[in-house]
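Chemist: kindly generate the corresponding structure for this input.
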Amino acid sequence: MKTKLMIISATACIAVALTAFTRRAEEPKRTLRPYPKGCVFRTVMGEESSQNMAVFKTAANVASSLDRGLSWITEAQNNDGGWGAGSHSRQDILDPHAVKSDPATTSMVAMAMLRTGTKPGERKLSDAIDFLLKAAETSSPNSLNITELQGTQIQAKLGRNIDVILTSQFFSNLLDKLSDSPLKDRVKKANAICVEKIQRAQNSDGSIEGSGWAGVLQSSFAANALESADEQGIKVDGKVLAQAKTFQKKNFDAKSGTVNTDMGAGVVLYSVSGSSRASAKEARRVREEVDKAKKDGRLARNAPASAENLEKIGFAPAESANYATAYEVYEAAKVQAQRDDVMDGFGNNGGEEFLSYLQTGEGLVINKDNQWTNWYDNISGRLLKIQNNDGSWNGHHCITSPVFCTATCILILSVNNDIARLTNLGAK
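Modeler: Below is the predicted model:
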């Protein structure tokens with residue numbers, strides 16, 4: 001069986017290489033760099049080691065990789081201004097124009113375009129904004145989502161309300177770019193519609209209703225979306241936001257190192273990345289306040305960030321325990337989330353893995369954690385190595401959509417463009 005797999009994967013690599021050679025011969029001016037040495041099929045089959053992936057990463061290679069990814073994904077836009085991931089029942093369809101547009105995928109692409117410098121007024125992004133605004137504005141007030149489209153890959157794997165969550169996150173990101181644009185009020189109102197639906201979809205434990213195969217990721221992104229909307233001045237119920245974060249943090253026990261994967265398809269990566277992201281902001285406050293107290297002589301140099309010590313330096317009694325827990329969870333979860341065996345996720349690359357990497361990386365930046373550069377070197381090496389020859393990425397289980405996976409990988413590789421926004425989010 002192993003021999004047969006090796007023959008199949010070797011044949012696939014030869015086919016990919018021949019296709020790449022043909023394209024490069026036909027369009028030499030569009031080739032920005034030699035294609036990565038690693039073959040995605042060999043990586044997935046376990047025939048090629050993932051060790052030392054960072055050697056594939058240089059600044060020039062990353063820039064080239066992003067250019068190729070953006071070139072591919074802009075051409076994948078549908079005539080209605082949106083992008084689609086396709087149906088869960090037809091994961092074999094990889095042609096981006098053969099599937100219907102959905103808000104979740106469109107939001108991911110639009111966020112990737114924003115992060116890489118596309119202006120809201122440019123046609124491709126402007127059409128996407130219009131698609132998402134109409135989805136929110138015309139949605140039923142009784143519905144928890146903003147689309148009638150059902151059974152998409154993203155809904156089946158993350159949760160049936162993921163569209164409204166990712167759209168809210170995009171609207172919050174967009175507001176930073178609009179300044180005094182007449183569009184700003186419309187986006188704020190649409191975001192408020194999304195926030196209201198997200199809050200109504202919250203279960204009593206802080207998770208989001210309608211969980212999919214890896215529903216912990218839907219709930220994690222809901223916490224992110226509410227946090228971002230709150231920062232943009234959208235009315236968010238503080239109790240709902242706190243409960244959303246608590247749910248994520250409870251999936252990881254910092255003292256024992258155990259991870260609750262009940263809503264994460266049994267995959268540690270999905271849960272632990274959400275735990276580190278949800279606790280990043282509070283953990284940063286703890287670290288900064290404790291460091292200041294030690295510098296001022298109010299705490300001993302070796303004093304731990306315990307609830308008792310936090311209360312001693314000014315934290316309210318009611319919040320000191322929560323903040324101490326957040327600090328412990330972040331410090332332990334970020335380590336687990338970057339372990340090679342944990343990063344392997346389900347065993348090969350799917351959209352869920354890419355989303356988890358994004359969660360970990362953004363959490364490190366929000367926390368102003370110097371480890372983010374090590375994370376970036378490692379993850380960029382991984383992603384460059386498995387990029388397809390046409391510039392796209394796609395998954396090999398569950399979320400296979402090349403559009404959704406490419407958008408997520410672009411967001412990861414261009415995270416340095418959002419350093420200021422993410423660190424400011426962590427300071428508020």
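
Chemist: so who does the closest residue to residue 358 other than its chain neighbours touch?
Modeler: Excluding its sequence neighbours, the residue lying closest to residue 358 (C-beta to C-beta, 6 or more residues apart in numbering) is residue 412, at 5.2 Å. From N, CA and C alone the C-beta is placed, and that goes for glycine too. Going by C-beta atoms under 8 Å, 6 or more residues apart in numbering, residue 412 touches 354, 357-358, 361, 379-380, 383.

Chemist: and those, which is closest to residue 299?
Modeler: Using C-beta to C-beta, residue 361 comes nearest to residue 299 of the contacts of residue 412, at 30.6 Å.

Chemist: show me what whichever strand or helix holds that closest one packs onto, helices and strands only.
Modeler: Following DSSP states H and E, one finds residue 361 within helix 351-366. For helix 351-366, the packing partners by 3 or more C-beta pairs under 8 Å, 6 or more residues apart in numbering; DSSP states H and E come out as helix 153-158, helix 215-231, helix 268-296, helix 317-337, helix 372-386, helix 402-413, helix 419-427.

Chemist: farthest residue from the center of the protein?
Modeler: For the chain, the largest distance from the centre (C-alpha atoms, centre = their mean) belongs to residue 297, which lies 39.7 Å off.

Chemist: confidence score at the residue nearest to residue 358?
Modeler: Note for residue 412: predicted pLDDT of 93.

Chemist: how close does it get to residue 170?
Modeler: Distance of residue 412 to residue 170, given as C-beta to C-beta, to the nearest Å: 16 Å.

Chemist: can you check residue 400 too?
Modeler: Taking C-beta to C-beta, one finds residue 400 at 22 Å from residue 170.

Chemist: so the two - more neighbours on which side?
Modeler: residue 170 (28 against 22; other C-beta atoms under 10 Å).

Chemist: what helix or strand is the more buried one located in?
Modeler: helix 162-178.

Chemist: just the CA atoms of that helix, as PDB, please.
Modeler: Taking Å, rounded to 0.1, in the frame of the first residue of the first chain, the C-alpha atoms of helix 162-178 are listed here in PDB:
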ATOM      1  CA  ILE A 162     -19.900  31.200  10.600                       C
ATOM      2  CA  ASP A 163     -20.900  33.500   7.700                       C
ATOM      3  CA  VAL A 164     -22.200  36.300  10.000                       C
ATOM      4  CA  ILE A 165     -19.200  36.000  12.300                       C
ATOM      5  CA  LEU A 166     -16.500  36.400   9.600                       C
ATOM      6  CA  THR A 167     -18.500  39.200   8.000                       C
ATOM      7  CA  SER A 168     -18.600  41.100  11.300                       C
ATOM      8  CA  GLN A 169     -14.900  40.700  11.600                       C
ATOM      9  CA  PHE A 170     -14.400  42.000   8.100                       C
ATOM     10  CA  PHE A 171     -16.600  45.000   8.700                       C
ATOM     11  CA  SER A 172     -14.600  45.900  11.900                       C
ATOM     12  CA  ASN A 173     -11.400  45.600   9.900                       C
ATOM     13  CA  LEU A 174     -12.800  47.700   7.100                       C
ATOM     14  CA  LEU A 175     -13.900  50.600   9.500                       C
ATOM     15  CA  ASP A 176     -10.300  51.300  10.200                       C
ATOM     16  CA  LYS A 177      -9.800  52.000   6.500                       C
ATOM     17  CA  LEU A 178     -12.800  54.200   5.800                       C
END
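
Chemist: give the buried residues for it.
Modeler: By neighbour count on 16 or more other C-beta atoms under 10 Å, the buried set for helix 162-178 is 162-175, 177-178.

Chemist: which element follows it toward the C-terminus?
Modeler: On the C-terminal side of helix 162-178, the closest following helix or strand by DSSP H and E is helix 183-200.

Chemist: so what touches that following helix?
Modeler: Outside helix 183-200, the residues touching it (C-beta under 8 Å, 6+ apart) are 120, 129, 132-133, 136-137, 139, 143-146, 161, 164-165, 167-168, 171-172, 174-175, 178, 208, 222, 225-226, 229, 232-237, 240.

Chemist: buried ones among the residues you listed?
Modeler: 120, 129, 132-133, 136, 139, 144-146, 161, 164-165, 167-168, 171-172, 174-175, 178, 208, 222, 225-226, 229, 232, 234, 236, 240.

Chemist: helices or strands next to the helix holding residue 170 in the packing?
Modeler: Against helix 162-178 (3+ C-beta pairs under 8 Å, 6+ apart) you get helix 103-115, helix 123-137, helix 153-158, helix 183-200, helix 215-231.

Chemist: now with 6 Å?
Modeler: helix 103-115, helix 183-200, helix 215-231 (3 or more C-beta pairs under 6 Å, 6 or more residues apart in numbering; DSSP states H and E).

Chemist: going by mean pLDDT, which of these comes out lowest?
Modeler: Among those, helix 215-231 carries the lowest mean pLDDT (a mean of 88).

Chemist: now that one and helix 183-200, what's the angle there?
Modeler: For helix 215-231 against helix 183-200, the angle by axes from the mean of the first three to the mean of the last three C-alpha atoms, to 10 degrees is 140 degrees.

Chemist: need the residues that contact helix 215-231.
Modeler: Applying C-beta atoms under 6 Å, 6 or more residues apart in numbering, the contact partners of helix 215-231 are 158-159, 162, 165, 168-169, 172, 191, 195, 198, 207-208, 236, 241, 244-245, 248, 263-264, 270-271, 274, 278, 355, 425, 428.

Chemist: so after that helix, what's the next helix or strand?
Modeler: Assigned by DSSP H and E, the successor of helix 215-231 is helix 238-250.

Chemist: packing partners of that next one?
Modeler: helix 215-231, helix 268-296.

Chemist: out of these, deepest packed?
Modeler: Each of the helices and strands packed on helix 238-250 was scored by mean neighbour count; the highest is helix 215-231, a mean of 26, by mean count of other C-beta atoms under 10 Å.
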